[in-house]
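# take this sequence and fold it.
(chains A and B)
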Amino acid sequence: EAQVTQNPRYLITVTGKKLTVTCSQNMNHEYMSWYRQDPGLGLRQIYYSMNVEVTDKGDVPEGYKVSRKEKRNFPLILESPSPNQTSLYFCASSLSGTIHGYTFGSGTRLTVV
Amino acid sequence: AQTVTQSQPEMSVQEAETVTLSCTYDTSESDYYLFWYKQPPSRQMILVIRQEAYKQQNATENRFSVNFQKAAKSFSLKISDSQLGDAAMYFCAYRGGYSGGGADGLTFGKGTHLIIQP
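Have a look, this model is predicted:
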């Protein structure tokens, strides 16, 4: 089944403890993105990647890192999480060519205490 | 930078009736794509419908259709014969065309919460 897989689905952590949210797609998509969703703010892009080793900042990149060493994987790293990073996170992927919508993962609910 | 505005935080409609969700956007590009995504309580993001800016014909997918007014930069979603399963958050999204690369993801509106009254 073609899909974007995120793990974990739920995570509670403490301030300052490094964490990684994994994202993997099996559709050979070139483009991948991370978003955070907060009530009343919609989805805002954190980082995106055009292909392997090519990443760039989105609208809210502060406090996050990403890497794209393989085409299928695009992990999101929080080096020192803070409570204001408590949010719902989505990974998404797309073929190149803009007619294609993005396919989204199931989301990761992160709580930083 | 592009912006997407959904002016209706919440809408309510009777089952079997028709409802229209509004979306406006701002861009300087001539080539772009617009999408409506549905997010039910399961929180999964589901693509409902898409529209290419260069096409004058409005997109339709079963009970879902759009009214795309390029000059007005308006992209509304019409849901006909509303069903209980249509209850969800609906997000309007913009994607730049080839001139903007298209790799830089989607710009979303803040969403409209649609309630279906039985």
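
# in chain B, which residue is most central in space?
residue B:36 (3.1 Å; C-alpha atoms, centre = their mean).

# can you tell me how far it sits from chain A?
According to C-beta to the nearest C-beta, to the nearest Å, residue B:36 stands 10 Å off from chain A. For the C-beta atoms, the positions are set from N, CA and C on the backbone; glycine is no exception.

# where does the closest residue in space to that residue that isn't next to it in sequence fall, secondary structure wise?
The shortest distance from residue B:36 to any non-neighbouring residue, by C-beta to C-beta, 6 or more residues apart in numbering or on different chains, is to residue B:48 (4.4 Å). Using DSSP states H and E, residue B:48 maps to strand B:46-52.

# immediately after that strand, which helix or strand?
Next along from strand B:46-52, by DSSP H and E: strand B:60-61.

# can you list the strands that that following strand pairs with?
Here strand B:60-61 has these sheet partners by DSSP bridges: strand B:64-69 (antiparallel).

# before we move on, the earlier item: list the contacts of the residue nearest to the centre of chain B.
By C-beta atoms under 8 Å, 6 or more residues apart in numbering or on different chains, the residues touching residue B:36 are B:21, B:23, B:47-50, B:64, B:66, B:75, B:77, B:90-93.

# now residue B:49
With the criterion set at C-beta under 8 Å, 6+ apart, residue B:49 makes contact with B:35, B:36, B:59, B:60, B:61, B:64, B:65, B:66, B:77.
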